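A.B. asks: give me a model of this one.
(chains A, B, C and D)
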Protein chains: 4
Amino acid sequence: MNTSESLRGVIPPLATPLGGDGQVDRPSLERLVAFQLDAGVHGVFIGGSTGEIALLDSVQAAAAARTAVGAVAGAVPVLVGAIDTGTRRVVEHARRAAEAGADAVVVTAPFYVDPHPDEVVAHFRTVRSAVDLPVVAYDIPSAIGTRLTPDIVAELAAEGTIAGLKDSSGDLTAFREVLRRLPGFPVLTGSELMADTALSLGASGLVPGLGNVDPHGYTRLFAAAAAGRWADAAAEQERLAGLFRIVGVADRGRIGFTAGALGAFKEALRLRGVIAHAATNPPLLPLNAEEVRSIAGILDGAGLGGAVEAGR
Amino acid sequence: MNTSESLRGVIPPLATPLGGDGQVDRPSLERLVAFQLDAGVHGVFIGGSTGEIALLDSVQAAAAARTAVGAVAGAVPVLVGAIDTGTRRVVEHARRAAEAGADAVVVTAPFYVDPHPDEVVAHFRTVRSAVDLPVVAYDIPSAIGTRLTPDIVAELAAEGTIAGLKDSSGDLTAFREVLRRLPGFPVLTGSELMADTALSLGASGLVPGLGNVDPHGYTRLFAAAAAGRWADAAAEQERLAGLFRIVGVADRGRIGFTAGALGAFKEALRLRGVIAHAATNPPLLPLNAEEVRSIAGILDGAGLGGAVEAGR
Amino acid sequence: MNTSESLRGVIPPLATPLGGDGQVDRPSLERLVAFQLDAGVHGVFIGGSTGEIALLDSVQAAAAARTAVGAVAGAVPVLVGAIDTGTRRVVEHARRAAEAGADAVVVTAPFYVDPHPDEVVAHFRTVRSAVDLPVVAYDIPSAIGTRLTPDIVAELAAEGTIAGLKDSSGDLTAFREVLRRLPGFPVLTGSELMADTALSLGASGLVPGLGNVDPHGYTRLFAAAAAGRWADAAAEQERLAGLFRIVGVADRGRIGFTAGALGAFKEALRLRGVIAHAATNPPLLPLNAEEVRSIAGILDGAGLGGAVEAGR
Amino acid sequence: MNTSESLRGVIPPLATPLGGDGQVDRPSLERLVAFQLDAGVHGVFIGGSTGEIALLDSVQAAAAARTAVGAVAGAVPVLVGAIDTGTRRVVEHARRAAEAGADAVVVTAPFYVDPHPDEVVAHFRTVRSAVDLPVVAYDIPSAIGTRLTPDIVAELAAEGTIAGLKDSSGDLTAFREVLRRLPGFPVLTGSELMADTALSLGASGLVPGLGNVDPHGYTRLFAAAAAGRWADAAAEQERLAGLFRIVGVADRGRIGFTAGALGAFKEALRLRGVIAHAATNPPLLPLNAEEVRSIAGILDGAGLGGAVEAGR
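C.D. replies: Numbers count the residues shown, from 1 in each chain, chains lettered A, B, ... in the order given. Presented below is the predicted three-dimensional model:
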């Protein structure tokens, strides 16, 4: 793919719908893809943090990638996460992604092993040389405890090892420094709440987990920003901030943050009629009935009550 | 295996020797196993942090487990690490470990996904129910950012989900609390430097990375402690503390802590004639010649200069 | 003071110039104040992190506050930091600030004592009731390890305990949430590099440490933003980002971040002829000659070479 | 004082009793000192973390030090904390401690300012040269976020800048390294739960917050250890571990850890009839009636129910 064109726009990190048997619910994932394409997204990201990549076994990961590639059918690029602790593990995932038809792989720094910055650089070089696909660097220190600093990103971008950056650091200062140092380099933000700001700073696109639930909102926001209608983008962002409250309904004394956030996205998709079940992989615990009612209320308040007519 | 007897004594987390082709160097691993058995170790742990588990691909991990199981030939228990971010990923590793002939699997809390304590508990239950092997819980917050608190350990031990604990937390206060609350439960320390102290507090055994290099030292220490000769145990501990300085020779401005520690163990094993190459998996960077010379000097100082006649 | 009007605009956190005797260099501080007023700043903040508040003894802190109040002579509001670990300690500082003529005090959450959020709230209430001055909350987790969450800020603002927020968290997402929940509430950013972005999100003003060195840049930036000339604001921000590189010249292997940043501001002020000495309080170590030359080069590159004609 | 003799034995960090007026309750503090001396303690530490040093204003701090010095009347050494963010602030506290009659001052690394290790060393040198009192280094990373590494301690000890170390790091590995590198150097542990272990490793003494409540237990433990009766020391340690559960009764969803721990010590002292009130300084929130009942029950269970006949 031509990455400077492809790593642009709204590229939601899709949830991985699961069936009652614990396997990937392919019809639900196909509906989710259709729902996203209908909304005008510019790509999809399979096997990101929102896609429960850290919790998928190899059968699930392969099924999710293949199903999505099939459902997208070339309409937009499909990014696939190759997320693991070490370089050779990542290469295995990346090769499977390539076999499944991915257009690019998304890769974090190594973790568990407390790498030196030069080892982070070596990691990306080894992965890139092992697969014939563009590599998008994924900065997510909240999950892995290591930063992709602007220095690391600049080095990898300048030499062509990475084709883009997905920034989920929450650090807009570093985000801006990357954009300053790498004019034209595709930088995507993972932020649900600062999408308009990131675009105004020069981001090429958005990878919002909340985009699962309301892709139309993010494509409107992106279109407004692309047209320079910043007040419209900000208004859409404010509406999405209201919707994002679904992530906070879970009682953190009972289940973890990831369970609360991914569970909320899936419950909202279920309530909207896009996917059949809201189940997440173990060990994530489910939302309870009261929390699901809160999510339904927030959806209603955001004008998203009732089932969509997705992909039909 | 009878875990209360088996999870006892010196059970080093073996390095995974690699050949020039990047694959597991089976003859070297066989020599390492023989070297360990000659020294009187009570078990071996394959695929721990020292075994580069986070950096092994599936082919390497399987080769290491199978080779070690074959070389041990039932002489002592073989523990195998099933270390990954999520429950289903861990189950896949655990099943492969079982196929390779492991006597027990070693499992950390989930990571990347910021689990709630109840989700940590659920994780171990799911893994345990999926494989017909004892599960040893592995507390290593420096690698995964999550603690196995005494509450979690006590709950899992009381219900029989876990058969033992490997503690690499560095927190002897919590370690002692676990021992206080679970009399007779096997608790192994991963500490190289507090082995005698841990045994005096009631630890059932030792899992020291440095045991790769000097298993005789740790078996002497354990025997002294078992016989109540605490001054002898302390003297051996002090000698081993001197040897442990090999872990600090690497310039941390150049390579990471893991690279420095695992590289030092492998260089020392190479210098002692046990393994053929000191290579580590990517992205770890190698020690340089000056650092290797420092290791050789420390080995000499500890009376470990020259090649051993391992397993012959 | 009318805080909704006063906590607005450019309010630099002034450095505390020291003389050869280690005491506050009053003539230098007077020149610094004059330099700032000439540049059109809307207030000054004495005894912030940039003012070495954590390193000032009581004599220095009082001298700095009194000198600044005298030099400002009512032209603009003078904010004074009352930064300490516990409530009663902070009250002592706040009373001294009131005696020195401060228009408001700036207060962080308690630290050292790992407070519960309700204890953070209690802290601000007690401080506010003990002094007859507006209290500005100061969120600086990098220094104290505790956040002033949007929930805490909203509670304290709604009840009138705090008159404004100085945000140095680096977390623009939370910053924006505060602005969303508290329309019209004065929120100042401590960021040197995201000043235009913060203003576009609704910040009432700027508290940039770099404003010591180039107040004209920040007042131009603020004026551009106030007039809706966002491209001009961004261009000024980019120029200031270049200047901010002075903070990075120090060798972090030799001195700490604080020493490097505060030393750079003082060296730049000395090079610009505003203050006589660049000395910082112990235990901060000084920049070396090569680092000072780098700062001079960066100043030249930013068009700030040579001495200003400050306050004369 | 002869520090190698004086920094030895049980030296509890005394609570600072407060009266209904919020000022230091001198009669209660005098009773607490008498209670401690009756129990055979070898010193007292005023103004430590347990003494609420981070929350005391200058009047309280001076009153606590003077009252304790007077009540001790030379019977044992009186250590006084000089705890603050910066060097000059610490010097001010240290001079006041000297005026109050302290035998030594206890000093942490600087905090708030993220110091380089060389700045930590400079800090201690400056403090030492400014007061004519021995300086005890205080390693408490949980409060200040910075470690006193073995390298720093060794350098300061070798040159005579510090006379001892109080270790509250929880890191017995580093503790042991300090003892290994500095034979004969006084090292005190702040651990309530690992006192016997620390002594067996070579600690010169104990500074347990729980020693406020049960000094007799810790003096028995120390005497047993000094006589080589390690099983007796361990049995006493186990009894004290049961008593230490008072620190855990507070609902952490309601008040912070510090409030729960310091409140528990004071409630227990009140229940034992040693001090009149259990109040702590703002912003710490008090224990509730149910939590106090739990403490009373734990005291009963440890054989400490009912009021002592302190200081008579």
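A.B. asks: chain A: helices as residue ranges?
C.D. replies: Assigned helices in chain A, in chain order: A:3-6, A:26-38, A:58-72, A:87-100, A:117-130, A:141-144, A:150-158, A:172-181, A:195-200, A:215-226, A:230-243, A:257-271, A:289-301 (criterion: DSSP state H).
A.B. asks: can you redo those as a markdown table with mean pLDDT, mean neighbour count and distance to C:V10?
C.D. replies: Just so you know, the C-beta spots here come from the backbone N, C-alpha and C atoms, and that holds for glycine as well. As requested, the helices of chain A are exported to a markdown table (pLDDT from 0 to 100; neighbours: other C-beta atoms under 10 Å in any protein chain shown; distance: least, C-beta to C-beta, whole Å):
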| stretch | mean pLDDT | mean neighbour count | distance to C:V10 |
| --- | --- | --- | --- |
| helix A:3-6 | 79 | 16 | 38 |
| helix A:26-38 | 98 | 21 | 45 |
| helix A:58-72 | 98 | 21 | 50 |
| helix A:87-100 | 98 | 22 | 47 |
| helix A:117-130 | 98 | 20 | 36 |
| helix A:141-144 | 97 | 18 | 32 |
| helix A:150-158 | 98 | 19 | 27 |
| helix A:172-181 | 98 | 20 | 19 |
| helix A:195-200 | 98 | 25 | 21 |
| helix A:215-226 | 98 | 22 | 28 |
| helix A:230-243 | 98 | 18 | 24 |
| helix A:257-271 | 98 | 24 | 37 |
| helix A:289-301 | 97 | 16 | 39 |
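A.B. asks: now the ones you listed in a markdown table, with distance to chain D?
C.D. replies: Listed next are these as a markdown table, based on distance: least, C-beta to the nearest C-beta, whole Å:
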| stretch | distance to chain D |
| --- | --- |
| helix A:3-6 | 39 |
| helix A:26-38 | 37 |
| helix A:58-72 | 36 |
| helix A:87-100 | 30 |
| helix A:117-130 | 19 |
| helix A:141-144 | 18 |
| helix A:150-158 | 20 |
| helix A:172-181 | 17 |
| helix A:195-200 | 28 |
| helix A:215-226 | 35 |
| helix A:230-243 | 27 |
| helix A:257-271 | 17 |
| helix A:289-301 | 19 |
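A.B. asks: and C:L148, which of those is closest to it?
C.D. replies: Evaluated with C-beta to C-beta, those place helix A:172-181 nearest to C:L148, the distance being 18.7 Å.
A.B. asks: who touches A:G205 in this structure?
C.D. replies: Shown here is A:G205, whose contacts under the criterion C-beta atoms under 8 Å, 6 or more residues apart in numbering or on different chains are A:L7, A:R8, A:G9, A:V10, A:I11, A:H42, A:G43, A:P186, A:L188, A:T189, A:F222.
A.B. asks: ok, so of those, who is nearest A:A109?
C.D. replies: Distances from A:A109 to the contacts of A:G205, taken by C-beta to C-beta, are shortest for A:L188, at 16.7 Å.
A.B. asks: check what pLDDT that closest one gets.
C.D. replies: Each residue has a pLDDT score; the one for A:L188 is 98.
A.B. asks: now do the same contact list for it.
C.D. replies: For A:L188, the contact set (C-beta under 8 Å, 6+ apart) comprises A:L7, A:I11, A:V136, A:G164, A:L165, A:K166, A:D167, A:A203, A:S204, A:G205, A:L206, A:V207.
A.B. asks: and if we set it to 7 Å?
C.D. replies: Contact criterion C-beta atoms under 7 Å, 6 or more residues apart in numbering or on different chains gives A:L7, A:I11, A:G164, A:L165, A:K166, A:D167, A:A203, A:S204, A:G205, A:L206, A:V207 as the residues in contact with A:L188.
A.B. asks: also A:I152?
C.D. replies: Applying C-beta under 7 Å, 6+ apart, one finds that A:I152 lies in contact with A:P117, A:V120, A:V121.
A.B. asks: separation between the closest residue to the second one other than its chain neighbours and chain C?
C.D. replies: Closest residue to A:V120 apart from its sequence neighbours, by C-beta to C-beta, 6 or more residues apart in numbering or on different chains: A:A109 at 4.6 Å. From A:A109 across to chain C, the span is 20 Å (C-beta to the nearest C-beta, to the nearest Å).
A.B. asks: what number of residues lie near A:A109?
C.D. replies: A total of 26 residues lie near A:A109 under the criterion other C-beta atoms under 10 Å in any protein chain shown.
A.B. asks: before we move on, what about A:L304?
C.D. replies: The burial count assigned to A:L304 is 18, neighbours taken as other C-beta under 10 Å.
A.B. asks: isn't it up against A:N212?
C.D. replies: No. Under the criterion of C-beta atoms under 7 Å, A:L304 is not in contact with A:N212, lying 11.9 Å apart.
A.B. asks: phi, psi for whichever residue of the stretch 101-250 of chain A sits closest to chain D please.
C.D. replies: The nearest approach of the stretch 101-250 of chain A to chain D comes at A:A250, 16.1 Å away (C-beta to the nearest C-beta). With angles defined as degrees, to the nearest 10, A:A250 shows backbone torsions of phi -70, psi 140.
A.B. asks: in this structure it contacts A:G260, no?
C.D. replies: Yes. Taking contacts as C-beta under 7 Å, A:A250 lies within contact range of A:G260: 3.0 Å.
A.B. asks: and the closest residue in space to A:G184 that isn't next to it in sequence, how close does it get to chain B?
C.D. replies: Nearest residue to A:G184 in three dimensions, chain neighbours excluded: A:S4, at 6.8 Å (C-beta to C-beta, 6+ apart). In this view, A:S4 and chain B are 27 Å apart by C-beta to the nearest C-beta.
A.B. asks: kindly reformat the contacts of A:I152 as a markdown table containing distance to B:A63.
C.D. replies: Output for the contacts of A:I152, formatted as a markdown table (distance: C-beta to C-beta, whole Å):
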| residue | distance to B:A63 |
| --- | --- |
| A:P117 | 31 |
| A:V120 | 27 |
| A:V121 | 28 |
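A.B. asks: of those residues, closest to A:E238?
C.D. replies: Nearest to A:E238 among those: A:V120, at 36.5 Å, using C-beta to C-beta.
A.B. asks: that closest one and B:G48, how far apart?
C.D. replies: Separation of A:V120 from B:G48 (C-beta to C-beta, to the nearest Å) stands at 23 Å.
A.B. asks: cool, A:G81 as well?
C.D. replies: Counting by C-beta to C-beta, the gap from A:G81 to B:G48 is 26 Å.
A.B. asks: more neighbours: those two, which one.
C.D. replies: Neighbour tally, A:G81 and B:G48, criterion other C-beta under 10 Å: the higher count belongs to A:G81, 31 against 28.
A.B. asks: in terms of pLDDT, where does that one sit?
C.D. replies: If you check A:G81, the pLDDT there is 98.
A.B. asks: for it, give me its contacts.
C.D. replies: With contact taken as C-beta under 7 Å, 6+ apart, A:G81 is in contact with A:I46, A:G47, A:G48, A:G51, A:I53, A:V106.
A.B. asks: that one bridge partners, please.
C.D. replies: Beta-bridge partners for A:G81, by DSSP bridges, are A:V106.
A.B. asks: ok, for A:A307, nearest residue in space, not its chain neighbours?
C.D. replies: Nearest in space to A:A307, with sequence neighbours left out and distances taken as C-beta to C-beta, 6+ apart, is A:G273 at 2.8 Å.
A.B. asks: the one you found reaches A:L299, doesn't it?
C.D. replies: No. The criterion here is C-beta under 7 Å, and A:G273 misses it with A:L299 at 11.3 Å.
A.B. asks: enumerate the residues of the stretch 1-150 of chain A near chain B.
C.D. replies: Residues of the stretch 1-150 of chain A that fall close to chain B, judged by C-beta under 7 Å from any C-beta of the partner chain: A:54-58, A:60, A:85-89, A:92, A:110, A:112-116, A:118-119, A:122-123, A:126, A:143-145.
A.B. asks: which residues touch the residue in the stretch 151-300 of chain A positioned nearest to chain D?
C.D. replies: Among residues of the stretch 151-300 of chain A, the one nearest chain D by C-beta to the nearest C-beta turns out to be A:G253. It sits 7.5 Å away. Shown in contact with A:G253 (C-beta under 7 Å, 6+ apart): no residues.
A.B. asks: understood, closing this out.
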